[in-house]
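K.L.:
what follows is a predicted structure for the sequence shown.
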Amino acid sequence: MARIIDVVQAPDQGQDQMVSRVPESGAGDFRIGSQVVVRENQTAVFYRDGKALDTFGPGRHTITTANIPLLINLVQLGTSGQTPFTAEVYFVNMRDFIDMKWGTPEPISVRDRDLGLARLRANGRYSMAVTEPQMFVTKIVGTQGLYRTNDIADYLRGIIVSRLTDLLGESKAGLFDLPALFDEMNAAARVKVAEDFAALGITIKAMFIQSISPTEETAKAIDERSSMGAIGDMQKYLQFQAARAMGDAAKSGGEAGSAMGTGVGLGAGVGLGAGMAGMVSQAMAGAMQPQQAASAAGGASAAAPEVMNLDEAAAYLKVSPQDIQGLITSGQVKAKQIGAEYRISKKALDDFLAS
């Protein structure tokens, strides 16, 4: 015989629990006259066979065919309303969820005007509230089959990351300019996400980007570029290094303690100084011929094959094969797949650099 649930309630629903299901699994047996107890900040949604039957707000309610009209086709009134009907009840938490977190599970590849190509990670927080509980249950529980808080949060996080990726691609701002644009990006991200959330019966209250940071590979490239900028004039840096080495060698020779030691020390100092002087001369000669160096680089670029594989394309753009794979997958670079291999034309790579 079916077990009749006379009192339907979710008294233990936590503040961070979006939905509580009664019963926890399977369908519940209810009847006309059963009591539904809904607490403050809750809405109860009766659900059966893929349809939301009706909703109950805070208070104590008695199930009748008047407050759940669709039950007319589910129960037989010829037995004084005692015939049980099966359904599930979802208690939706209507409070504001103010500490929801989001983050990118995988780096986002973007075109950067300073670095050329950058792989970024982002994370932040948002707040939201369920404003259409019946729609929420239909779209999240019915369509997606989700009712556990972690599963719902993962689904919403995926929407946010997708919209943020689109926003970063449209902004075309350099990595070093992004921190100054967080306020504008917060507002733009909220607008992009609001429509998707509204279609699920959710209103987004606030949206915050806490950080956008490069991956380890991109950070290493930034550090190397910063180091070169700190050095400044490479010719003067080499001259300084040579002069310091000559001074150290002469000091070592002076402290030898004997004529022979002094001679050896001075000889070593002179020899090292001559070697450093040669290095400086070579560096200066290289600095005097920038046009020849540029011409040689241009010749090397021109020598690149017209059709390349992933490794050759990566060497041509000075990035990793994974970066080239990401550009192909995102559609930014056109390529032909032959079996398990890709073939990329030099023109496609040149067009990407020029875009």
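P.N.:
Now that the structure is in, tell me what you want to look at. Residues are numbered from 1 along each chain as shown.

K.L.:
quick check: beta-bridge partners of the nearest residue to Ala87 once chain neighbours are set aside?
P.N.:
In space, not counting the residues next to it along the chain, Ala87 is nearest to Arg48; the distance is 4.1 Å by C-beta to C-beta, 6 or more residues apart in numbering. In short, each C-beta sits where N, CA and C put it, glycine included. Listed by DSSP bridges, the beta-bridge partners for Arg48 are Lys51.

K.L.:
check the gap between Arg48 and Glu88 for me.
P.N.:
Noted for Arg48: a distance of 7 Å to Glu88, by C-beta to C-beta, to the nearest Å.

K.L.:
which neighbours do the two have in common?
P.N.:
For the pair Arg48 and Glu88, residues contacting each of them under the criterion C-beta atoms under 8 Å, 6 or more residues apart in numbering are Ala27.

K.L.:
next, give phi and psi for the closest residue in space to Lys139 that isn't next to it in sequence.
P.N.:
Nearest residue to Lys139, sequence neighbours excluded (C-beta to C-beta, 6+ apart): Leu200, at 4.8 Å. Backbone geometry at Leu200, expressed as degrees, to the nearest 10, gives phi -100, psi 0.

K.L.:
quick one: Leu200 and Thr138 touch, right?
P.N.:
No - judged on C-beta atoms under 8 Å, Leu200 makes no contact with Thr138 at a distance of 9.3 Å.

K.L.:
more neighbours: which of the two?
P.N.:
Regarding Leu200 and Thr138, a neighbour count based on other C-beta atoms under 10 Å identifies Leu200 as having more, with 21 against 18.

K.L.:
contacts only, for the more buried one.
P.N.:
With contact taken as C-beta under 8 Å, 6+ apart, Leu200 is in contact with 135-136, 139-140.

K.L.:
A strand includes Val110, no?
P.N.:
Yes - inclusion of Val110 in a strand is indicated when DSSP: H, G, I helix; E, B strand; the rest coil is applied.

K.L.:
quick check: it vs Gly145, distance?
P.N.:
When C-beta to C-beta is the yardstick, Val110 and Gly145 sit 33 Å from each other.

K.L.:
of these two, which one has the most company?
P.N.:
Each of Val110 and Gly145 has its neighbours counted (other C-beta under 10 Å); Val110 has more, 22 against 8.

K.L.:
and the more buried one, what does it touch?
P.N.:
When contacts are taken as C-beta under 8 Å, 6+ apart, Val110 is in contact with 117-120, 168-169.

K.L.:
go ahead and confirm Tyr147 touches Val22.
P.N.:
No - contact status for Tyr147 versus Val22: not in contact, 11.2 Å apart, counting by C-beta under 8 Å.

K.L.:
mind listing the shared neighbours of these two?
P.N.:
When contacts are counted by C-beta under 8 Å, 6+ apart, Tyr147 and Val22 have Tyr90 as shared neighbours.

K.L.:
residue closest to the middle of this protein?
P.N.:
For the chain, Thr104 is the residue whose C-alpha lies nearest the centre (C-alpha atoms, centre = their mean; 2.2 Å).

K.L.:
for that one, which residues are in contact?
P.N.:
Residues touching Thr104, when contacts are defined by C-beta under 8 Å, 6+ apart, comprise 120-123, 161, 164-165.

K.L.:
and for Gly57?
P.N.:
The contact partners of Gly57, by C-beta under 8 Å, 6+ apart, come to 38, 43.
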